[in-house]
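Undergrad: show me the folded form of this:
(chains A, B, C and D)
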2 protein chains.
Amino acid sequence: MAGLRERQKAARERRILEAASTQFRKSGYRAAKIEDIAEAAEVSVGTIYNYYQTKGDILIATVAMEDQEVIAAGARILEHPPERVGAALLALIYQYYDSSLKYLSKEMWRLAIAHSIENPLCPSGQRYAELDRQLAKQVTDLIRVLQHRGDIDPDLDVGSLGQLIFSAINQAFIGFVKVDDMTLHDLHALIASQIEPLATQIEADVGTQ
Amino acid sequence: MAGLRERQKAARERRILEAASTQFRKSGYRAAKIEDIAEAAEVSVGTIYNYYQTKGDILIATVAMEDQEVIAAGARILEHPPERVGAALLALIYQYYDSSLKYLSKEMWRLAIAHSIENPLCPSGQRYAELDRQLAKQVTDLIRVLQHRGDIDPDLDVGSLGQLIFSAINQAFIGFVKVDDMTLHDLHALIASQIEPLATQIEADVGTQ
DNA sequence: AAAAAAAGTTGAACAGGTTCATGTTTATAG
DNA sequence: CTATAAACATGAACCTGTTCAACTTTTTTT
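TA: A predicted model of the protein is given here:
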């Protein structure tokens, strides 16, 4: 059985994360003081810094919780992707986008993305990068599935194509969270306008066979 | 003639920016204290906040100086783009990348990008977004030139394609500044692997004519 | 040229994220 | 069961970006 110390540690970490998540949602990231989080989690300020290196780290930890869920949802699409290449890619992308605001506000996304770029070496930055890598891999995997199915030119390098598409997904999302009055609908239209023509280009042209 | 007050203001702003740029380069962004910058610029701390809203704003101002230069250099490539589509795009992109480290370190780029994402509404965030827009427009303009020249399928929408390519450029650059031991050479290879196949796809296939 | 107004500068005070010397709790050794 | 050591929690002090009420300089008015 896990020692007492170990159990207490786990419980404290969970309490901190929960308290932080609540405070962030309630008052916003900036307004949520470490002191408040400490009080809500019933630990001292110093203890929080025993579990997380910076305030930004705590935010990334809350982002990571959600991201796992998104990746799981994406996996289900990979099992039965829609018929056409464009539709298949967009199904996966829309899934990502639509779930992004389930737990996190645009402001929190902005801060999380900014933090991960600013601190690529700290554990939370690396964790965020790992999540990005998983998403990029899922996109690449989908392309591979489509290619195997005969929908995409077999000569194309899936790795590069996956990266290209993931860049577009990411960049469009960053644009989305930067502009407060841009809607999910606008975001869909933006990415579709980039993905659709690309999909048409790479589609194995069955007419010429 | 410009009034005394106006001239003094301009001189102060210049001194602040110069002092900040020097301090950032000398000790890094974080280590450069506002107090130090104020002393070097021979103004008070409060005065700095009369010209820039936050420390991040000062950084963006230094980035903006360089970016203008990059855009000007890019314009020269647009006048005589290399023959093949892939080569033309990569010539422009390499130009961007190679000049990026002329004045700014990777750390400063990280902080500038992070700041612009975190504060899209503050003047410096908007300014950075405007620079991005100019770069994206330049990429789109190049594509338009190539299309007029008959190198690219005339049915393709240049706007969406330009955005797609700019996303790839940007995302690859972010990856570059996040990893300290990634070289410009690595960055070239990364973007080329995404641009080359795309260029092949969109090239008007003269063989079929 | 003096007075009033406008614009700008100043630096001490503030705020909140972060650190660290001290104290406390849990685990291990005798 | 004590004693020692290791791990951990604590919160007051620290650091630095930011603010703002008081002051100074420039411009405009009379």
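
Undergrad: okay, now the domains of chain A?
TA: Split into domains by automatic domain parsing, chain A comes to A:1-51, A:56-204.

Undergrad: pick the most buried one from these.
TA: domain A:56-204 (a mean of 18; mean count of other Cβ atoms under 10 Å in any protein chain shown). Every residue, glycine included, has its C-beta placed from N, CA and C.

Undergrad: okay, A:Asn2: pLDDT?
TA: In this structure residue A:2 is Ala, not Asn. pLDDT for A:Ala2: 66.

Undergrad: ditto for the one 5 residues further on
TA: At A:Arg7, the model reports a pLDDT of 89.

Undergrad: the helix or strand containing it near DNA strand D at all?
TA: Per DSSP states H and E, A:Arg7 falls inside helix A:4-27. Yes. Helix A:4-27 is in contact with DNA strand D by Cβ under 7 Å from any atom of the strand, via A:5, A:8-9, A:12.

Undergrad: identify the residues contacting A:Gln171.
TA: B:166-167, B:170-171 (Cβ atoms under 8 Å, 6 or more residues apart in numbering or on different chains).

Undergrad: for whichever residue of chain A sits closest to DNA strand D, helix, strand, or coil?
TA: At 1.8 Å from DNA strand D, A:Gly46 is the closest residue in chain A, using Cβ to the nearest atom of the strand. Of the three states, A:Gly46 takes helix under DSSP: H, G, I helix; E, B strand; the rest coil.

Undergrad: so how far is A:Val70 from the residue nearest to A:Tyr52 when sequence neighbours are not counted?
TA: Excluding its sequence neighbours, the residue lying closest to A:Tyr52 (Cβ to Cβ, 6 or more residues apart in numbering or on different chains) is A:Ile58, at 4.8 Å. Applying Cβ to Cβ, to the nearest Å, one obtains 20 Å for the distance of A:Ile58 from A:Val70.

Undergrad: relative to A:Ala129, how far out is A:Ile202?
TA: 27 Å.

Undergrad: do the same with A:Ile16
TA: 23 Å.

Undergrad: next: A:Ser44.
TA: Plainly put, A:Ser44 is 31 Å away from A:Ala129 if you go by Cβ to Cβ.

Undergrad: over to A:Ile58?
TA: Distance, A:Ile58 to A:Ala129, by Cβ to Cβ: 18 Å.

Undergrad: how about A:Glu196?
TA: From A:Glu196 to A:Ala129 the distance is 29 Å (Cβ to Cβ).

Undergrad: got a list of what A:Asp151 touches?
TA: Contacts here follow Cβ under 8 Å, 6+ apart; on that basis A:Asp151 touches A:84-85, A:88, A:203-204.

Undergrad: and the two most separated of the residues you listed?
TA: For the contacts of A:Asp151, with distances taken as Cβ to Cβ, the pair at the greatest spread is A:Ala88 and A:Ala204 (13.5 Å).

Undergrad: what about A:Gln68, helix or strand, and which?
TA: Assigned by DSSP H and E, A:Gln68 belongs to helix A:55-79.

Undergrad: tell me the angle that helix makes with helix A:4-27.
TA: Angle of helix A:55-79 versus helix A:4-27, following axes from the mean of the first three to the mean of the last three Cα atoms, to 10 degrees, is 90 degrees.

Undergrad: can you list contacts of the helix or strand following helix A:55-79?
TA: Per DSSP H and E, the first helix or strand lying C-terminal to helix A:55-79 is helix A:85-100. The contact list for helix A:85-100 (Cβ under 8 Å, 6+ apart) reads A:66, A:69-70, A:73-74, A:77-78, A:81-82, A:109, A:135, A:138-139, A:142-143, A:146, A:151-152, A:165, A:169, A:173, A:176, A:184, A:187-188, A:191-192, A:195-196, A:199-200, A:202-203.

Undergrad: re the thing from before, in a markdown table: the residues of helix A:4-27 next to DNA strand D, plus distance to A:Tyr103.
TA: Output for those, formatted as a markdown table (distance: Cβ to Cβ, whole Å):
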| residue | distance to A:Tyr103 |
| --- | --- |
| A:Arg5 | 31 |
| A:Gln8 | 27 |
| A:Lys9 | 25 |
| A:Arg12 | 22 |
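
Undergrad: could you measure from the residue nearest to A:Tyr52 over to A:Tyr51?
TA: 8 Å.

Undergrad: which neighbours do these two have in common?
TA: Joint contacts of A:Ile58 and A:Tyr51 (Cβ under 8 Å, 6+ apart) are A:Ile16.

Undergrad: and stretch A:85-96, how far from the chain's centre?
TA: Distance of stretch A:85-96 from its chain centroid, counting by Cα atoms, centre = their mean, to the nearest Å, is 15 Å.

Undergrad: what's near enough to touch A:Lys102?
TA: Neighbouring residues of A:Lys102 by Cβ under 8 Å, 6+ apart: A:Glu66.

Undergrad: closest to the centroid, which residue in chain A?
TA: Central residue of chain A (Cα atoms, centre = their mean): A:Asp67, 4.7 Å from the mean position.

Undergrad: state the pLDDT value of it.
TA: For A:Asp67, the predicted pLDDT is 88.

Undergrad: hmm, A:Glu130 and it touching each other?
TA: No. In this structure A:Asp67 lies outside contact range of A:Glu130 using Cβ atoms under 8 Å: 9.6 Å.

Undergrad: helix A:85-100 and the one helix or strand A:Leu161 maps to, what's the angle between them?
TA: In this assignment (DSSP H and E), A:Leu161 forms part of helix A:158-178. Interaxial angle, helix A:158-178 versus helix A:85-100 (the same axes, to 10 degrees): 40 degrees.
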